[in-house]
Structures are given as C-alpha cells and as structure tokens.
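K.L.:
Just need the structure, nothing else, for what follows:
(chains A and B)
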Amino acid sequence: MNFALEKRISEAARTAIEELYGGEVKAEMVQLQETRAEFEGQLTLVVFPFLKMSRKRPEDTAQEIGERLLEKIPDVVSRFNVIKGFLNLSINPQQWIGLLEQIWQDPTFGFVPVTETSPLVMIEYSSPNTNKPLHLGHVRNNLLGWALAQVMQANGNRVVKTNIVNDRGIHICKSMLAWLKWGQGETPETSGKKGDHLIGDYYVAFDKHYREEVKNLVEQGMDEETAKQEAPLIKEAHEMLVKWEKNDPEVRALWRKMNEWVYAGFDETYKALGVSFDKIYYESETYLEGKEKVEEGLQKGLFYRREDGSVWADLRPEGLDEKLLLRADGTSVYMTQDIGTAKLRFQDYPIDKMIYVVGNEQNYHFQVLSILLDKLGFKWGKDLVHFSYGMVELPNGKMKSREGTVVDADDLIATMVADARQMSADKVNKLENITENEAQEIARVVGMGALKYFILKVDARKNMLFNPEESIDFNGNTGPFIQYTYARIRSILRKADEQGIVPQKLTTCELSDKEISLVQHLQGFAAAVRQAGQDYNPSCIANYCYELVKEYNQFYHDFSVLREEDEAKRAFRLALSAAVSQVVRNGMGLLGIEVPERM
RNA sequence: GGUUCGGUAGCUCAGUUGGAUUAGAGCAGCAGCCUUCUAAGCUGCGGGUCAAGGGUUCGAGCCCCUUCCGAAUCACCA
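P.N.:
Here you go, the predicted structure:
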C-alpha cells in the first residue's frame, strides 16, 4: 500500500502551517481531498480548520500556505490556485507516473498481507435448515458471507469460514413424516429432483395436510390454538422428534438418509454460488453442548432456576428482558444451542473475533447472545459482530415459503445464466472463434456476475427489493458492465502482447486530466478495501469498482491506447489499463465475482 | 408501548472522518455517436423542499433534539 504522495504533502502542509502561524497542527486537521473537476489541480487542501491559527481571511491563509508548499516540495507541487478556503494543488505529472508504476507492479495492491500472527476471524454464514431448498434470502446471506470473508482477509486477518447446519428439530421431522406417508419410496434418483427440492416438497405437503386437519378441527368447534397442537399430524411429528432424541435407529436412519439428499442438493447450489466453508458444524452434534455451559453459569449464580425447573437469565439490568435458556423438561432452546456452538468453536480455534452473518430479524437474539457469552467468559463474546442484513422483499411483500412466494435459488441462477446467454447471442458484435463450451462458460460468469453484483452493491443492512418480473439488468450499474470493461482491457493487452509493445517501465510524459484522475482512483482501492473491512460493508467495494470502471470507459472512449504514437504515452496508457484491469479483478474477486477474458 | 434499523429523482440505489453557489449514478423517457483498441459502451436533455421542524458552526443529506412514516423484534420457533 502506498500513500506516500499524500503523506508527503500532508506532512509538508503541517510543518508549513506550524512555521507560518505557530502552534501545533494535528494530523486530522489536514484534510486533503481530490480537487473537483471544475477547478484546476488534483489535490485540494481545506484551510478552514487553520483560520483560528492564522487569524486571516481564508483566501489569504490559503495563499500563504500554497506559497510555502511551493518552496518546500517543488518536486511535488508545481502550481496552486486558491478559491475561497480551498487550496488547489497541481501535482507534478512525474508523481502520478511513479504512483501508477507502483500500483501496476504490485499484484496485491490494496491488500494487507496475512501472516501466522494475524488476528483470527471466524465468520459464520449460510446456516440453512435442512427441510427446504435455498431461496433468494439465503443467496443474499451466502454472497454477503463470502464477500465479507474475502474483505476481512484482504484486511490482514486469518479467516475461518464456518456454517452451522440446522439439521435437527421439528421441521425435519415434518418432512420425514410426509415422506413416509406419501412418498412411496421416492428418491432424488427416481424423481429426478435435487434432494433439497425433494425434501422441500414434502415439507410443503406436510404443511398442506396439517392445515387441512386444523381447519377441520376448527369447524368441529375447537379453537384454533388448541387445534394447532392437537392435529394428529403435528402430534405424530412430535413423537418422531422424541424418538429421534432417544436415538431410535429407524428414525435416525431415515433422518440420515434424507439429510444426505439435502446436502447433495445444497452442495450444487453452493458450488454454483461459488461459496465454500472451512468448517461445518451440525446442530445435531452441538445442541447438547450448551446445557453444560448453562449449568456452569447456574452454579456461578449468573442464571437462576424457576420452580418449574426452567433456567433463565435475567437481563433486565442490561435493559433487556428475562431470557429462557433451558425448558422445564431440560431440553435446550435456540439460545442454548448457540452457546454450545460457541463453546465448540472456541475449543477448535483460537478465535479473536467472531462474526455472525444472520438476518436482521435476529438482532435481539444476538444482543442477548453477546451478553451471555461475555458473562460466561468468552473473551470475544462482548465484541461479537452480528453482521445484520436486511430482508429481500418482493413487489407484493416478503417472501413466504408457505404462500409459495419464494424465489428459488437454483431457478434464479439458471435464469440468470440463460439470460446472459441470450444477451450475448443478441449482440450485434458477436465474438468470433468461440466454442460452445466457452460461450456457456462466459454466460455462467456473466449471469452470476449480474446476480451477485445486484445483491452486493446494496448496503447490506437495508432491505432490498427484487422484482422477478423485471429480470436483473446487464446494462448500467451492473456486474456485466464492470466485466465488460475488464474484457475490453484484456483485449487491448492481448493485442499489445501480439505487437510486442508491452512496457517494462514508464518514463515521463504529459498526462491528461482523465489519466491523472484514473491514477487517483486506482490509489483509492486501498482505502475502499480498508473501509469495507472497518465497516463490514462489501458494498463499498462494489461501488468503488463501478466508479473506477465508469471513469475508465470515458478514458477508453476519448483516448486511444494502441494507436498512440508517443511511446511514453502509449506505455503509460498500457500500464494504466493493466492496473485498472488488475484492480477490477481483485475488487470483483473480493465480492466473489469472476471476470471474463472475453464477452 | 420498549428496543434496533431505515426514509435521498417516477423506480432501484450511491453519497467515505461534516466541505466548494449546481446533492450523484443506473433503470424508465427523449435526442445523438459504431469503415477507428469489444456500442453489455460514450455524450446530451428532462426529472429533488435529501420525510418535517428546530439546534450545533465558517459550512449539515451526514452530528444533536423533537415529530411523522416504514421495517424488524420484544415466544418454552429456529
């Protein structure tokens, strides 16, 4: 990473101001920003903070500082002008050329290296239930989790990606029961369905029959609450859950078989999404672990037991409510399980920071979990990060699996890839010499790029709208727009290579405003990565890539690279293009978006 | 009702630790630009009381207070 240029100017400005007006200038008082396009210069020093020291008008203060900077660093500042309280500095082109050269020569520009002593960050994401296939909400979770993991790594953290699979509970029993009743031995092989979809269908079937039973009971005069508990199907499902907990061999065997089907289905979806995990935890293996911790807390007096035998934490001193940790029958609840999972994770890894990628409907849960883990002595408990993201909404409201208004992940992926394929087929300028396999691979990269960018460019914590009627765009502020620019640059670089004009180093030449601006933007990648990490906000990277690429396309339109006759300029533009393509590839890589060589 | 998070163009969204008389993109609409490195591109036009009001200061979409609107949550579901 290199901010040498701005650092030098800032330092020079500090000493200049101290010499001129006396007193101490703190580093944060020196605000150096990009000069607005309508004014001459590239960097602007804001002088308002120094008016109290100078006791002069803004214009005069800026003038004096500007003159002093010219004397101090003439190799950097070649000219300046003053507009109100803004000191606009024109920087010697050689500085920009040097800066570009550094970025161009550094394949990991913007990234902080990871070493064995780097902090260890564990990121939990995905965390599906095994009773239905993944939908658009899960897609957002998975893409955010993956991108966040990449961003944290780029900021110099050792990252462990983890997934806690919710593989037990009443919901699985519902699918199992429905399959036993109406499945007639159907399997993914015999039905041709993906395993997760097959199980999901039986979950829906259960719900359909269950609701009929409830309806009938209500018509017979039972009140709805009782009917929901007394319906034969739900009672049967509960019996199955009890058998499962008692390790009934038949139930367990069925459970294993059906979960395996689901996992095979999930693996396909994960693969298509390009996400993976370093360590997968299964709730069936962790759900008992929390009890021990709760008992421990009970003995330490952190929690208390009620007359009925249930265990509670009183969080009213923290401004929250009382929270149940163990039921009267001794079984664990969600919170207990998360405590248990935390315990296992801490045994497995020396975690410095834990990040949970979970939807914002669970904000309260994680507020409580943080307090409980802290009380129980987990050093990272207090500072655990709940990366809380908003819901994906459809034009007529939320996605509800029961109402069949979910957008299925596999369907969506297939549609995006097919649309991308159609898009390139419709294009006037078609790629030549392209095989069927290549075309399909490009469609996959572009279609997934469109989907991923569409989701990741939005600030994670906001609810976002997805309209299935209007398919995701391929023009404008989209993944394909960025990928297209990359492919254009790669095309230029291939041709430069064929012509044997790939530069080794750069020499001094005149630069246009657009070229300088591009170098400045390139430099900004490091700041974007840093900010994305600090704020846990991958959308920073998406927006950064868009701005960079938009600027490059303007340059591409107005300037020629290969036909430039001045050798020094041509070399600069080739290096500039190469640096842009590299930063775009790295930036999109952080988002889990691939870039195609051609499209 | 309590807590948390949102409210920026017709629609979807940006807007870095407060900075420049004119708050930006994209989509949708209209008008231009391909014998020239990939037109999935580029250029232009129209479109806004940044929810409302007050405050802090050289300066507020951003910070503070109040109000209005929306979402989530406050379960012996996960």
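
K.L.:
in what helix or strand does the residue of chain A at minimum distance from RNA strand B lie?
P.N.:
Closest contact between chain A and RNA strand B, by C-beta to the nearest atom of the strand, is at residue A:476 (2.1 Å). From N, CA and C alone the C-beta is placed, and that goes for glycine too. According to DSSP states H and E, residue A:476 maps onto no helix or strand at all.

K.L.:
of all the residues in the stretch 401-550 of chain A, which ones are close to RNA strand B?
P.N.:
By the rule C-beta under 7 Å from any atom of the strand, the part of the stretch 401-550 of chain A lying against RNA strand B is A:420, A:423-424, A:427-429, A:431, A:442, A:446, A:457-459, A:461-465, A:473-478, A:480-481, A:484, A:487-488, A:490-492, A:495, A:527-528, A:531, A:539-540, A:543, A:546, A:550.

K.L.:
Likewise for the stretch 151-300 of chain A?
P.N.:
Residues of the stretch 151-300 of chain A lying near RNA strand B by C-beta under 7 Å from any atom of the strand: A:166, A:169, A:170, A:283.

K.L.:
Who wins on neighbours among those?
P.N.:
Per-residue neighbour counts (other C-beta atoms under 10 Å) across these peak at residue A:283, which has 21 neighbours.

K.L.:
Would you check how far apart that one and residue A:192 are?
P.N.:
For residue A:283, the distance to residue A:192 (C-beta to C-beta, to the nearest Å) stands at 30 Å.

K.L.:
how about low-confidence regions in the stretch 351-500 of chain A?
P.N.:
Along the stretch 351-500 of chain A, the model assigns pLDDT under 70 to residues A:401-404.

K.L.:
80 instead, please
P.N.:
A:396-405, A:428-430, A:469-470 (pLDDT under 80).

K.L.:
Now do the strands in it.
P.N.:
Ranges of strands within the stretch 351-500 of chain A are A:353-359, A:385-389, A:392-394, A:397-398, A:464-465, based on DSSP state E, counting those that start in this stretch.

K.L.:
Could you list which residues are in contact with the residue lying closest to residue A:318 once chain neighbours are set aside?
P.N.:
Distance criterion C-beta to C-beta, 6 or more residues apart in numbering; nearest residue to residue A:318, sequence neighbours excluded, is residue A:371 at 5.7 Å. Shown in contact with residue A:371 (C-beta atoms under 8 Å, 6 or more residues apart in numbering): A:315, A:318, A:320, A:381, A:382.

K.L.:
Let me have the residues you listed in CSV, adding neighbour count and distance to RNA strand B as columns.
P.N.:
Converted to CSV, these look like this (neighbours: other C-beta atoms under 10 Å; distance: C-beta to the nearest atom of the strand, whole Å):
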residue, neighbour count, distance to RNA strand B
A:315, 16, 10
A:318, 13, 10
A:320, 14, 8
A:381, 19, 18
A:382, 11, 16
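
K.L.:
from the residues of the stretch 151-300 of chain A next to RNA strand B, which is closest to residue A:253?
P.N.:
residue A:169 (17.8 Å; C-beta to C-beta).

K.L.:
And the closest one, how close does it get to residue A:523?
P.N.:
Taking C-beta to C-beta, one finds residue A:169 at 51 Å from residue A:523.

K.L.:
and if you look at residue A:36?
P.N.:
18 Å.

K.L.:
Could you do residue A:364 as well?
P.N.:
The gap separating residue A:364 from residue A:523 is 42 Å, by C-beta to C-beta.

K.L.:
got it, and residue A:305?
P.N.:
Taken as C-beta to C-beta, the span from residue A:305 to residue A:523 is 60 Å.

K.L.:
will you turn the contacts of residue A:371 into TSV that also has distance to residue A:89?
P.N.:
As requested, the contacts of residue A:371 are exported to TSV (distance: C-beta to C-beta, whole Å):
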residue	distance to residue A:89
A:315	55
A:318	51
A:320	53
A:381	48
A:382	45
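
K.L.:
Run through chain A and note the low-pLDDT ranges.
P.N.:
A:1-4, A:23, A:27-28, A:37-38, A:319, A:396-405, A:428-430, A:469-470.

K.L.:
Domain ranges for it, per the record?
P.N.:
Per the record's domain assignment (automatic domain parsing), chain A is made up of the domains A:3-91, A:168-277, A:409-590.
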